[in-house]
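Enquirer: predicted model and sequence follow; I will ask about them next.
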Amino acid sequence: MSEARAVPGADPQARTARALDATAPPDPEARSGRLSGLAFWVAFLLAAAGLAVAVNQIFNLGIAGFRPISTAYYYLVIGFFGAFAFLAFPARRSQRDRIPWFDWLLAAIMLALGLWLASEALTIQLRGWQAMAPPWAVPPAALLILLVLEGVRRTGETVLFVACLLFAAFPLFAGEMPGFLWGVQLDLPTTVQEHVFGTESIIGIPMQVVSDTLIGFLVFGVVLAATGGATFFMDFALALMGTSRGGPAKVSVVSSATFGMLSGSPTSNVLTTGTLTIPTMKRCGYAPHYAGAVEACASTGGALMPPVMGAAAFIMANFLNVPYAEVMIAAALPSLLYYLALFLQTDLYAVRNGLRGVGRDEVPPLLRTLASGWYYIAAIVGLTVLLLAFRIEAEAPFWVSLFLLVVAVARRRAIGFGLRRFAGLVVDSGQAVAHIVALIAGIGLIIGSLSVTGVANSFSRELVQYAAGNVALLLFFGAVTSFILGMGMTASACYIFLAIVLAPALVQAGLDPMASHLYVLYWGIVSFITPPVALAAIAASSIAKSSPMRTGMMALRIGILLMLLPVLFVLQPALILRGDTLLILQTTATAVVAVLMLASAFEGYVYRLGPAPVWARVVIGIGGLLMLIPEARTDLFGFGLAVAGILAMGARRLARR
């Protein structure tokens with residue numbers, strides 16, 4: 001999915017090769033090295049067939065009279081893209097560049113099982129195979145579970161694979177578990193039937209959301225990158241603020257936020273935009289670890305920035321049974337506050353250290369940049385309008401992708417978009433979908449087990465009882481659990497698991513449902529910039545040639561608002577635009593001032609007054625933190641404390657003069 005910044009008309013692949021540092025880790029979303037030659041064209045056929053089925057289903061086209069029922073469609077998605085996953089993702093690292101014979105066999109079996117289940121979908125529903133399937137149908141269903149687990153092992157972290165394996169077998173011994181883990185116990189055939197033929201496990205809510213909604217957004221992300229979206233957003237940000245003080249850092253914040261909110265992948269975003277922003281920041285005077293931390297924080301925040309926000313946001317809308325537009329609106333203000341904090345800190349760092357921007361000869365003209373890539377802005381505006389005004393979540397990304405493809409074909413000589421690149425785009429789209437399908441199918445095993453045994457409800461109930469109505473304790477449990485799971489799972493996997501077992505407990509405690517689910521999502525994302533894992537920070541440190549731990553610690557400091565915001569909007573839903581208009585305006589204004597105070601405290605510089613001594617930084621920082629607490633008394637006291645610190649600084653400066 002990634003593409004380095006290039007000048008109009010340049011070969012993006014050549015630019016990428018020149019821009020990438022030799023020590024940088026590979027892009028986790030780049031096309032698999034196994035997909036070449038025959039494997040490329042087989043993958044192309046699988047992806048094309050899977051995407052054609054998805055378009056036919058989502059738009060209800062009925063091509064050649066083909067109108068599968070919903071469960072048949074989900075099985076087809078698993079069949080086509082599950083087979084793709086076995087070709088693209090190796091069983092061992094030593095097989096990254098070749099496909100052994102058994103992977104071809106596993107891909108063929110997965111495809112055959114998907115086609116078989118799709119053909120039997122109506123019979124499965126009408127005859128209740130979930131509870132009592134024919135004996136001959138259980139072995140192939142068990143084989144599908146094994147293939148799903150192997151797919152998770154290849155595409156996810158070890159922690160996620162172990163969790164899926166244990167929970168897949170959980171119904172077999174649920175009756176022997178103690179306390180709130182006790183549940184209804186099933187025998188092996190019934191467990192297999194529930195997982196494969198039921199609608200709450202492998203083809204449960206997560207797979208339904210991926211198949212019905214998310215495929216289009218994954219395709220859109222690939223199309224955006226393949227047609228030069230990363231190039232344009234980088235040039236646009238550079239043209240806007242490249243020459244300002246600390247311009248490269250501001251370019252990093254703006255370009256990573258813009259591209260990241262559409263791609264939704266923190267690590268891939270770092271490796272896409274960071275290959276140019278980080279070296280430029282270093283050249284303009286930013287310390288290597290600071291440059292890497294800025295890029296890591298900016299890229300991570302993109303996964304929480306509307307309009308796309310990654311896979312978890314769509315699943316959240318389904319869990320909450322609300323239109324995706326409501327999730328977008330609720331997530332908008334916290335995201336803007338987070339990026340405001342990043343922007344202010346980079347600016348204050350530049351002021352304090354006397355840093356300048358890049359030379360004017362290195363900045364593309366703004367009007368020419370807009371003229372060469374206006375259609376990317378049109379795509380964002382169009383996508384937002386379709387999501388907010390027309391509320392066609394499933395269809396919207398396909399329309400916008402089609403628009404970008406039409407423009408790419410019209411400008412094929414300028415950007416080199418031909419048949420070969422189109423075939424590559426289809427394969428890249430298939431790989432993006434295959435990756436998420438393989439993960440989500442495994443996560444479905446967890447949800448299915450918790451649901452069929454009844455443990456999901458009892459866990460939430462027991463958690464509320466243990467907390468004894470203490471909201472702070474519940475939030476602490478949620479933060480710690482989300483953070484730990486986020487270190488070993490993708491953000492989507494972490495959110496789905498906690499949305500089942502934890503979010504209901506927060507709602508039962510009287511907290512806003514939307515805020516509760518966003519709380520879980522935010523804390524699942526935090527691990528991307530927090531040591532010891534800090535995947536985004538480690539990727540950035542490899543480009544910056546800095547210490548991974550030092551970069552991670554700086555990213556934690558710069559992105560600290562990512563930890564504070566979820567607590568704040570849970571306690572004060574006005575931050576997610578819930579409640580009275582005047583309260584929302586007052587809360588927003590207070591939060592903006594608080595962010596400014598915290599940025600000044602962290603960077604040790606106050607606008608107009610200059611460097612702040614340690615005592616002033618402490619006073620101003622405490623004042624900013626108090627202003628974030630959603631109570632009028634603490635707001636006023638915090639504001640007064642921060643102002644007192646600033647006035648004391650001014651008085652001391654005047655006395656020295």
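Expert: Looks like it arrived, so ask away.

Enquirer: and the one helix or strand G373 maps to, which residues are buried?
Expert: According to DSSP states H and E, G373 maps onto helix 366-385. By neighbour count on 16 or more other Cβ atoms under 10 Å, the buried set for helix 366-385 is 369, 372-373, 375-376, 379-380, 382-384. C-beta: built from backbone N, CA, C; applies to glycine.

Enquirer: ranking helices and strands of this structure by mean pLDDT, which lands last?
Expert: Per-element confidence for the chain was summarised using mean pLDDT, DSSP states H and E. The lowest value among helices and strands belongs to helix 12-19, with a mean of 37.

Enquirer: just to revisit the earlier point, show me the two of the buried residues of helix 366-385 that sit farthest apart.
Expert: By the measure Cβ to Cβ, S372 and T384 form the most distant pair in the buried residues of helix 366-385, at 21.9 Å.

Enquirer: list the contacts for the spatially closest residue to E176 that is not a sequence neighbour?
Expert: Beyond its immediate neighbours in the sequence, the residue positioned closest to E176 (Cβ to Cβ, 6 or more residues apart in numbering) is Q185, lying 7.3 Å away. When the contact criterion is Cβ atoms under 8 Å, 6 or more residues apart in numbering, the partners of Q185 are 171-176, 453.

Enquirer: filter those residues down to just the buried residues.
Expert: Buried members of the contacts of Q185, scored by 16+ other Cβ under 10 Å, are 171-172, 174, 453.

Enquirer: taking helix 366-385 as reference, get the angle to the helix or strand just after the helix holding G373.
Expert: Past helix 366-385, heading to the C-terminal end, the next element that is a helix or strand (DSSP H and E) is helix 396-410. Taking axes from the mean of the first three to the mean of the last three Cα atoms, to 10 degrees, helix 396-410 and helix 366-385 form an angle of 150 degrees between their directions.

Enquirer: for helix 396-410, packing partners?
Expert: The contact analysis (3 or more Cβ pairs under 8 Å, 6 or more residues apart in numbering; DSSP states H and E) places helix 396-410 against helix 215-226, helix 366-385.

Enquirer: so which bits of the next helix or strand after that helix are buried?
Expert: Next along the chain after helix 396-410, taking DSSP H and E as the criterion, comes helix 412-415. Along helix 412-415, the positions that meet the burial threshold by neighbour count (16+ other Cβ under 10 Å) are I415.

Enquirer: next SSE after helix 412-415?
Expert: If you walk from helix 412-415 toward the C-terminus, the next helix or strand you reach (DSSP H and E) is helix 419-453.

Enquirer: give me the mean pLDDT for that following helix.
Expert: Confidence over helix 419-453 (mean pLDDT, whole number) is 93.

Enquirer: how far is the helix holding G373 from where the chain is centred?
Expert: 23 Å (Cα atoms, centre = their mean, to the nearest Å).

Enquirer: that helix vs helix 215-226, what angle?
Expert: Regarding helix 366-385 and helix 215-226, their directions subtend 170 degrees when assessed with the same axes, to 10 degrees.

Enquirer: identify the residues contacting helix 366-385?
Expert: Contact with helix 366-385 is made by 8, 220, 224, 228-229, 231-233, 235-236, 239-240, 262, 306-307, 396-397, 399-400, 403-404, 407, as judged by Cβ under 8 Å, 6+ apart.

Enquirer: list buried residues within these.
Expert: With neighbours counted by 16+ other Cβ under 10 Å, the contacts of helix 366-385 contain buried members at 8, 220, 224, 228-229, 231-233, 235-236, 239-240, 262, 306-307, 396-397, 399-400, 403-404, 407.

Enquirer: show me the helices in the stretch 451-600 of the chain, by range?
Expert: Shown for the stretch 451-600 of the chain, the helices assigned by DSSP state H, counting those that start in this stretch span residues 455-467, 471-488, 491-501, 503-508, 513-525, 535-544, 548-558, 561-571, 581-603.

Enquirer: need those in a markdown table with mean neighbour count, can you?
Expert: Written out in a markdown table, the entries for the helices of the stretch 451-600 of the chain read as follows (neighbours: other Cβ atoms under 10 Å):
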| stretch | mean neighbour count |
| --- | --- |
| helix 455-467 | 18 |
| helix 471-488 | 18 |
| helix 491-501 | 26 |
| helix 503-508 | 22 |
| helix 513-525 | 26 |
| helix 535-544 | 29 |
| helix 548-558 | 22 |
| helix 561-571 | 23 |
| helix 581-603 | 20 |
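
Enquirer: any low-confidence regions in the stretch 251-400 of the chain?
Expert: Residue ranges of the stretch 251-400 of the chain with pLDDT under 70: 263-264.

Enquirer: mind listing the helices in it by residue range?
Expert: Here the stretch 251-400 of the chain has its helices, by DSSP H, counting those that start in this stretch, at 266-283, 288-301, 311-320, 324-353, 366-385, 396-410.

Enquirer: quick one: list the elements packing against the second one.
Expert: This points to helix 288-301. Contacts defined by 3+ Cβ pairs under 8 Å, 6+ apart place helix 288-301 against helix 247-263, helix 266-283, helix 324-353, helix 535-544, helix 548-558, helix 561-571.

Enquirer: so the longest one versus helix 581-603, what angle?
Expert: Computed with the same axes, to 10 degrees, the direction of helix 324-353 lies at 30 degrees from that of helix 581-603.

Enquirer: ok, now the fifth one?
Expert: For helix 548-558 against helix 581-603, the angle by the same axes, to 10 degrees is 140 degrees.

Enquirer: other residues contacting helix 548-558?
Expert: Helix 548-558 is contacted from outside by 288-290, 292-294, 296-297, 341-342, 345, 529-532, 534, 536-538, 540-542, 544, 602, using Cβ under 8 Å, 6+ apart.

Enquirer: now A131: closest residue in space, sequence neighbours ignored.
Expert: Q193 (6.9 Å).

Enquirer: that concludes my questions; thank you for your assistance.
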